[in-house]
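*Asks:* Here is my input; please provide its structure:
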Amino acid sequence: QGIYRGIEFEDEMVGLFNHCIYDLDSKAPSIDTPLHAFLPFKHIDHLHPDAAIAIAASKDGEQITADLWGGQIAWVPWQKPGFDLGLQLQQALADNPGIRGIMLGGHGLFTWGDTSYECYINSLEVIETASAYLEENYGKKRPVFGGQKTESLPAAQRASQAA
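*Replies:* Okay, here's the model as predicted:
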């Protein structure tokens, strides 16, 4: 953290990840590595469940997140994963002490716990809340994905064309 020169030098940090691995025969560390680096929890889940992505990628995702979890899940807007985004996660936690997770706009979900089991349960509860919200709201205010744009061909004609 002390040598990071800013987002314009983001790519030079990627080369430093290799200095942090234990097994020199291992695969290259993930670009998501710094996203975990500054969160002070023993157990962290970095997930991309469909229900969370549906909210994270929606135009109203930040507001839905705030409303749905009542401030217990922070929001960090999308940007390319890397060191700066890891620092943003750290700041989101500092700005929102006691939260149970962070939604990354257009990317995914971070949840955590003091034990593996607590982390697991936290993750499941957050995902189930997102799933329930989606089930309750699909197509209620507007058609899903903007609605059907073209009429499907009759089944017999589709089968004939496919053959």
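*Asks:* How about residue 14: what's its closest non-neighbour residue?
*Replies:* Nearest residue to residue 14 in three dimensions, chain neighbours excluded: residue 31, at 6.7 Å (CB to CB, 6 or more residues apart in numbering). All C-beta spots, glycine's among them, are computed from the backbone N, C-alpha and C.
*Asks:* so that neighbour touches residue 81, yeah?
*Replies:* Yes. Here residue 31 lies in contact with residue 81, judged by CB atoms under 8 Å, at a distance of 4.9 Å.
*Asks:* could you show me where the strands are in the protein, in order?
*Replies:* Listed in chain order, the strands of the chain (DSSP state E) span 43-47, 73-76, 101-104, 108-113.
*Asks:* Pick the most deeply packed of the ones you listed.
*Replies:* strand 101-104 (a mean of 26; mean count of other CB atoms under 10 Å).
*Asks:* residues in contact with it?
*Replies:* Under the contact criterion CB atoms under 8 Å, 6 or more residues apart in numbering, strand 101-104 has outside partners 52, 55-56, 61, 65, 69, 72-76, 78, 85, 89, 92-93, 109-112, 122, 126.
*Asks:* how far out from the middle of the chain is it?
*Replies:* Centroid displacement of strand 101-104 relative to its chain, using CA atoms, centre = their mean, to the nearest Å, is 6 Å.
*Asks:* Contacts only, for the one residue sitting closest to the centre of the chain.
*Replies:* The chain has residue 108 as the residue nearest its centroid, 1.1 Å off, counting by CA atoms, centre = their mean. Counting by CB under 8 Å, 6+ apart, residue 108 touches 46-49, 52-53, 56.
*Asks:* Export those residues as JSON lines, with columns for pLDDT and distance to residue 140.
*Replies:* JSON lines is the format used below for those (pLDDT from 0 to 100; distance: CB to CB, whole Å):
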{"residue": "46", "pLDDT": "95", "distance to residue 140": "31"}
{"residue": "47", "pLDDT": "96", "distance to residue 140": "26"}
{"residue": "48", "pLDDT": "96", "distance to residue 140": "25"}
{"residue": "49", "pLDDT": "97", "distance to residue 140": "21"}
{"residue": "52", "pLDDT": "97", "distance to residue 140": "20"}
{"residue": "53", "pLDDT": "96", "distance to residue 140": "20"}
{"residue": "56", "pLDDT": "97", "distance to residue 140": "20"}
